[in-house]
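**Q** Generate coordinates for the sequence data below:
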Amino acid sequence: MGLKLKIWKGIPSFAEFQTTLNAPETKQLWVISTNSDCIPSQFLTEIQSFHRRNGALYLLGDNDPYNVSVNTVLARVLPGLTLSGNYHGAKLVSARSGASGPGFEPHYIFTGVQNLYEGITIARFTGRHSSIQYIMNSSEGQPVLGIVEGTDNGCGRIAVDGGFTRLFHTWDNAGSARFVKNIAGWLCALDDDCPLEAKFVSGRAAPRSGGLFSKLL
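**A** Predicted coordinates:
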């Protein structure tokens, strides 16, 4: 099983957007932020409705001012939580053994990930929302990736990421490539059918030849 992608490089027509999000095969929406308040209100309402129908969201910001549009979505689905700041990261982080400090926690999303590039200049989380769980900190020890399991009233899962440059800079198979596949699988709740097989030994996740979400690959 694989995922089919539909990519919009700008704002599509509302009719196309609404039709796509209401299609039964549409399981998740990724929103990569920009520096303008460019998402019309009717689109935000449609995103909110999609999420309430168990649609998953991956919301990506970065350094200011490139958090404007993603914060308008956050205001609808996780009110009180925002991304802001301009921390120069540009480092690799790895699994951490403690509850704090740089790196990522044991989680399905990090199965097979040895090291992960945090992003060039990245955002910090500001404000708060009771549902958010932070599973990755930047090299300065501040949260850079948070998730919501999406169990409230049938809502979908959410991932909020403060470093969208991770998707195209310092890409490697042991980090970014595995991370993207895993987070797409987690958003689709494929882990509900899979045992947790990631083993964290000596501070890093043991790799698997097939990855966690073999259905995706």
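**Q** And stretch 9-21, what's buried?
**A** Neighbour-count burial for stretch 9-21, with 16 or more other Cβ atoms under 10 Å as criterion, is recorded at F17, Q18, T20, L21. For every residue, glycine as well, the C-beta is placed using N, CA and C.
**Q** Check which element follows the host helix or strand of the first one along the chain.
**A** The reference is to F17. Using DSSP states H and E, F17 sits in helix 14-22. Toward the C-terminus, helix 14-22 is succeeded by strand 28-32 as the next helix or strand (DSSP H and E).
**Q** Could you look up the SS state of G150?
**A** coil (DSSP: H, G, I helix; E, B strand; the rest coil).
**Q** Please tell me how far it sits from P79.
**A** 16 Å (Cβ to Cβ, to the nearest Å).
**Q** ditto for K181
**A** 31 Å.
**Q** correct me, but H129 touches L81?
**A** Yes - using Cβ atoms under 8 Å, H129 makes contact with L81 at a distance of 4.3 Å.
**Q** More neighbours: which of those two?
**A** Taking other Cβ atoms under 10 Å, H129 and L81 do not tie; L81 has more neighbours (22 against 17).
**Q** quick one, phi psi at the more buried one?
**A** Dihedral pair for L81: phi -100, psi 140, per degrees, to the nearest 10.
**Q** Please list all residues in contact with it.
**A** By Cβ atoms under 8 Å, 6 or more residues apart in numbering, L81 lies in contact with L74, F125, T126, G127, R128, H129, I132, G146, V160.
**Q** what does G154 give?
**A** Counting by Cβ under 8 Å, 6+ apart, G154 makes contact with R52, R53, N54.
**Q** same thing with V73?
**A** For V73, the contact set (Cβ under 8 Å, 6+ apart) comprises V31, I39, L44, I47, L57, L59.
**Q** Shouldn't the fourth one be within a helix?
**A** Yes - assessed by three-state DSSP, I47 belongs to a helix.
**Q** Surely it touches L74?
**A** No - between I47 and L74 there is no contact under Cβ under 8 Å: 10.6 Å.
**Q** and the two? which has more neighbours close in?
**A** Counted by other Cβ under 10 Å, I47 and L74 do not tie: L74 has more neighbours, with 25 against 22.
**Q** Okay, and that one sits in which element?
**A** Per DSSP H and E: helix 68-77 holds L74.
**Q** nearest residue to L78 other than its sequence neighbours?
**A** Spatial nearest neighbour of L78, chain neighbours left out: H129 (4.4 Å); criterion: Cβ to Cβ, 6 or more residues apart in numbering.
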